[in-house]
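Peer 1: requesting a structural model of the entry that follows:
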Amino acid sequence: RQARAVAVAAGGLHFDELNKLRVLEPEAAQQTAQLREECRAFLDKIVEFQKIVGSLIELVDQLAKAAESEKMKAIGARNLLKSIAKQREAQEQQLQALIAEKKMQLERYRIEYETLCKIEADQNEFIDQFIFQK
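Peer 2: Have a look, this model is predicted:
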């Protein structure tokens, strides 16, 4: 049997632990099988890594969308504040114009009042002179 194994080995063939005829040396076959298992384990890890990266990318995309949404809300709020500020400025200008108009009206009423007071005084003086002359 030993001679047969040596003759087969010389022809490039080998027997494994189950006495099956193999082309590869048992050690090379074992290393090949071990490498195959390591490759499978590596592939499994790569697949797991791809899943993790995929979920991470999905999460980052969601965060980017949320950030973009918040950015748009902030821009809208800022524009609304600018609009409100402009409205208040316009309202303030209208009120300032109304105040100036009322001040001018008050000045006209004051002058008219002073004029009426003078006319009343003149008329009272005329009435007093008319009464004393009779």
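
Peer 1: and the helix or strand containing Gln96, what's its mean pLDDT?
Peer 2: Using DSSP states H and E, Gln96 sits in helix 26-133. Averaged over helix 26-133, pLDDT sits at 95.

Peer 1: return the distance of it from the chain's centre.
Peer 2: Offset of helix 26-133 from its chain centre (CA atoms, centre = their mean, to the nearest Å): 16 Å.

Peer 1: and it, what does it pack onto?
Peer 2: Contact analysis of helix 26-133 by 3 or more CB pairs under 8 Å, 6 or more residues apart in numbering; DSSP states H and E lists no helix or strand as a packing neighbour. No exception for glycine: its C-beta is placed from N, CA and C like everyone else's.

Peer 1: one more time with 10 Å, if that's ok
Peer 2: strand 14-15 (3 or more CB pairs under 10 Å, 6 or more residues apart in numbering; DSSP states H and E).

Peer 1: tell me how far Leu59 lies from Gln87.
Peer 2: The spacing between Leu59 and Gln87, counted by CB to CB, to the nearest Å, is 42 Å.

Peer 1: same deal with Ile131?
Peer 2: 63 Å.

Peer 1: so what touches stretch 45-62?
Peer 2: Here stretch 45-62 makes contact (CB atoms under 10 Å, 6 or more residues apart in numbering) with no residue beyond itself.

Peer 1: would you put the C-alpha positions of it in PDB?
Peer 2: Only the C-alpha atoms of stretch 45-62 are listed here, as PDB (Å, rounded to 0.1, in the frame of the first residue of the first chain):
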ATOM      1  CA  LYS A  45     -18.100  40.500   6.600                       C
ATOM      2  CA  ILE A  46     -18.100  42.500   3.400                       C
ATOM      3  CA  VAL A  47     -21.800  41.900   3.000                       C
ATOM      4  CA  GLU A  48     -22.400  43.000   6.600                       C
ATOM      5  CA  PHE A  49     -20.200  46.000   6.000                       C
ATOM      6  CA  GLN A  50     -22.200  46.900   2.900                       C
ATOM      7  CA  LYS A  51     -25.400  46.700   4.900                       C
ATOM      8  CA  ILE A  52     -24.000  48.900   7.600                       C
ATOM      9  CA  VAL A  53     -22.700  51.400   5.100                       C
ATOM     10  CA  GLY A  54     -26.100  51.300   3.300                       C
ATOM     11  CA  SER A  55     -28.000  52.000   6.500                       C
ATOM     12  CA  LEU A  56     -25.500  54.800   7.300                       C
ATOM     13  CA  ILE A  57     -25.900  56.400   3.900                       C
ATOM     14  CA  GLU A  58     -29.700  56.200   4.300                       C
ATOM     15  CA  LEU A  59     -29.400  57.800   7.800                       C
ATOM     16  CA  VAL A  60     -27.200  60.500   6.400                       C
ATOM     17  CA  ASP A  61     -29.600  61.200   3.500                       C
ATOM     18  CA  GLN A  62     -32.500  61.500   6.000                       C
END
